[in-house]
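[1] Quick one, fold the following:
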Amino acid sequence: MSSNSRPHTTNPFWEREGESVSDEQAQRQTHREMDAERGLHLLKVELENMPDNMKTSFAHAQHVAPDLVCDRHLSRFLYAEEYNVKLAARRLVTYWEHRKKVFGEDYLLPLTLSGAMKNHVQTLYDGYLNLLPQKDNFGRAIIFCNPINLLPAAFDNQVRIWWYLVHVAMEDDVALRNGFIIISNARNTSLSNFDAKSVSAICTSGDRLFPIRWRQTHCCHTNPIFPLVAAMVKSVLSKEQRKTFVLHNGNTEEVLESFREEGIPKECLPTDIGGSIIVSPEIFVQKRLAIEGHFKSEESDMKSAVSAAFQVPGKKMAFAQVKTAKKKAHSTATKQSVQPGRPGDPRMNAAVQAKLEDPDLPLLEALALGGFVFEDLNKPGVKSSEVRDKDGVTVYQRRNQLLRRLRKERKRAQL
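    Numbers count the residues shown, from 1 in each chain. Modelled structure (predicted):
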């Protein structure tokens, strides 16, 4: 980028507004310095005096799962509303009403992989929504959205993933104070990668329900599809979200520079858009399991995935079938010259078939059933992101290849 050029950064929803301070802003300023202990007491009084029909889900949580609505939980909503008790109470009860809608009867379970998320772990591996390990220069958590990985069958589950990732972000006290930002990569996307229902659910919850503030939205490498969805996106964004919506266009270097000027350096960005962070849902799940503990499921432990592929009770492909599938794949491979991992690769074909026959089958197990071998997967000291198969392709790349093939097969089936 030349020294005279400027980063291609725009706000498509910018509107000229006056500088007057709203009544709500003035009220928040008045309550900002309220003593935390007194604020908590007043919040409890406010909730106690609230009509029962306005706090049904919250009241039920108090009775059935009091640990989930402890003082620390209430204090987060006070802080989010700058100690405005009425606003905090409203946000709190609205949060619990929506939590019930999103998780159904599981809404009173902790938002962990063994709790409310126990049936949705596999969706994390899709890589549509990802919580990055680095915060930006302002101490804000970063949630990375990669629409190209959105599977039609997972629309509803992605909203649950969204809730989970926001709650994980809130575990970091710095991020809880400073909020979070969204970075969406629109490169190579089409209308099939856009779901109005999930976008609406994410946007309306992100700024109006959680006790952590959504500070900015960054969308990069937008293509001709954006004008087609801009009106819908604008309709579900709050006034504040529209003001902080930023588009980043241009070549890779220009986009990286525009992010840097927003306080988001290359070191905080994923490799998908030219940054330094390798996004690995498998590693993220591993770390969460280590933090949360006691979640026993063959789909959640990457280290045991390959061996489990041959000894998973109840799976549709038994051990003998695995041997037959691998032998058939090997036989076919000797008869034709194919580029490893391409649609003609019999191993990938077998992996696709295994996954289609058993949608609950973890991706790594499907790859193992197809005949892919990752010898270093269980080797101590070797990072999962560095594990490669005999063709030199990383396990992360194989997983993405399988996801792409599955998307194509499901689209073909819908025609």
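[2] For residue 277, give its distance to residue 265.
    Per Cβ to Cβ, to the nearest Å, residue 277 is found 11 Å from residue 265. (C-beta placed from N, C-alpha, C; glycine too.)
[3] Of the two, give the one with the bigger neighbour count.
    Between residue 277 and residue 265, counting by other Cβ atoms under 10 Å, residue 277 is the more crowded of the two (19 against 16).
[4] so what's the more buried one closest to, chain neighbours aside?
    Leaving aside its chain neighbours, residue 277 sits nearest to residue 270 (4.8 Å; criterion: Cβ to Cβ, 6 or more residues apart in numbering).
[5] ok now do residue 366, which residues does it touch?
    By Cβ atoms under 8 Å, 6 or more residues apart in numbering, the contact list for residue 366 reads 309, 351, 352, 354, 355, 402.
[6] sorry, back to before: would you agree the residue nearest to residue 277 is in contact with residue 264?
    No - between residue 270 and residue 264 there is no contact under Cβ atoms under 8 Å: 11.2 Å.
[7] Looking at those two, which one has more neighbours?
    Shown here are residue 270 and residue 264; by other Cβ under 10 Å, residue 264 has more neighbours (25 against 19).
[8] pretty sure the more buried one belongs to a helix, no?
    No - going by DSSP: H, G, I helix; E, B strand; the rest coil, the assignment for residue 264 is coil, not a helix.
[9] show me what contacts it?
    136, 137, 142, 181, 183, 218.
[10] top of those by neighbour count?
    Counting neighbours by other Cβ under 10 Å, residue 183 comes out on top of those with 27 neighbours.
[11] For the helix or strand where that one lies, the averaged confidence score.
    If you go by DSSP states H and E, residue 183 is part of strand 180-185. Mean per-residue pLDDT for strand 180-185: 94.
[12] Can you list the neighbours in contact with it?
    For strand 180-185, contacts defined as Cβ under 8 Å, 6+ apart pick out 136, 140-148, 166, 169, 206, 212-221, 264, 269-270, 272-273.
[13] Out of the contacts of residue 264, which comes closest to residue 59?
    The closest of these to residue 59 turns out to be residue 181 (Cβ to Cβ; 33.7 Å).
[14] what helix or strand does residue 260 sit in?
    Using DSSP H and E, the element containing residue 260 is helix 252-261.
[15] and if you look at residue 247?
    strand 245-249.
[16] relative to helix 252-261, how tilted is that strand?
    Note on geometry: by axes from the mean of the first three to the mean of the last three Cα atoms, to 10 degrees, strand 245-249 and helix 252-261 are set 150 degrees apart in direction.
[17] For strand 245-249, which strands pair with it and how are they oriented?
    Strand pairing for strand 245-249, determined by DSSP bridges: strand 8-10 (antiparallel), strand 214-220 (parallel).
[18] so how far is that strand from its chain's centroid?
    Relative to the chain's own centre, strand 245-249 is displaced by 20 Å; criterion: Cα atoms, centre = their mean, to the nearest Å.
[19] just stretch 94-106 next, same as before
    Chain-centre distance of stretch 94-106: 18 Å, with Cα atoms, centre = their mean.
[20] Tell me which residues are up against that stretch.
    For stretch 94-106, contacts defined as Cβ under 8 Å, 6+ apart pick out 55-58, 61, 77, 107, 109, 115-116, 118-119, 159-160, 163, 201, 205, 208-211.
[21] Quick check on those residues: which are buried?
    Taking 16 or more other Cβ atoms under 10 Å as the criterion, what is buried in the contacts of stretch 94-106 is 55, 57-58, 61, 77, 107, 115-116, 159-160, 163, 201, 205, 209-211.
[22] and the residue nearest to residue 277, how far is that from residue 397?
    Per Cβ to Cβ, residue 270 is found 15 Å from residue 397.
[23] cool, residue 274 as well?
    18 Å.
[24] Between the two, tell me which one has more neighbours.
    residue 274 (16 against 13).
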